[in-house]
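Asker: Prediction below, plus the sequence it came from.
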Amino acid sequence: MSLTNAGRNFIAAAIMNSGPPTFFDASNAYIGSGDDNTAFAAAQTDLQASSNKLRVGMDATYPQLATNVLTFRASFSTSQANWHWQEWGIFNAASSGTMLCRKVEDLGTKTSAQSWQITATITVSIGS
């Protein structure tokens, strides 16, 4: 999963306590799904789908932090995001806000007969 420029800038501002307005906490973290397979570019600020995209808030007790591992989890009900999932990302707002990262990945087609749960894990590590 690739970090966006906006995500990188958010992390740098948070380290310096220079005012990221909305943190990726239980009240503000979202996972979004879309049906566009445009290649990732760090300058992207939203999912690339023109209409079939939706952000859903975190499941209870998420996001979680364990040392250097962040875990985000959201559940999409039978009435949500019924399309071919080809991209997803992590956000700090239901609309607009910061897209921390985006992944282009064919996850299949969700139908109204299904509820899907998506879990994203980010490991912060040292290295080159």
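Answerer: In hand now; what should we look at?

Asker: middle-most residue in this structure, spatially?
Answerer: Centroid-nearest residue in the chain, with C-alpha atoms, centre = their mean: residue 90, separated by 1.3 Å.

Asker: all helices of this protein, in order?
Answerer: Along the chain, the segments classed as helices by DSSP state H run 5-15.

Asker: which one is residue 86 nearest to, not counting chain neighbours?
Answerer: Using C-beta to C-beta, 6 or more residues apart in numbering and skipping residues adjacent in sequence, the residue nearest residue 86 is residue 37, 4.3 Å away. For the C-beta atoms, the positions are set from N, CA and C on the backbone; glycine is no exception.

Asker: coming back round to it: can you give me the distance of the closest residue to the residue nearest to the centre of the chain other than its chain neighbours to residue 70?
Answerer: Sequence neighbours aside, residue 100 is the residue nearest to residue 90 in space, at 4.5 Å (criterion: C-beta to C-beta, 6+ apart). Distance check for residue 100 against residue 70: by C-beta to C-beta, to the nearest Å, it reads 9 Å.

Asker: and for the two, which residues touch both?
Answerer: residue 24 (C-beta atoms under 8 Å, 6 or more residues apart in numbering).

Asker: Who has more neighbours out of the two?
Answerer: Legend: neighbour count by other C-beta atoms under 10 Å for residue 100 and residue 70, higher for residue 100 (23 against 18).
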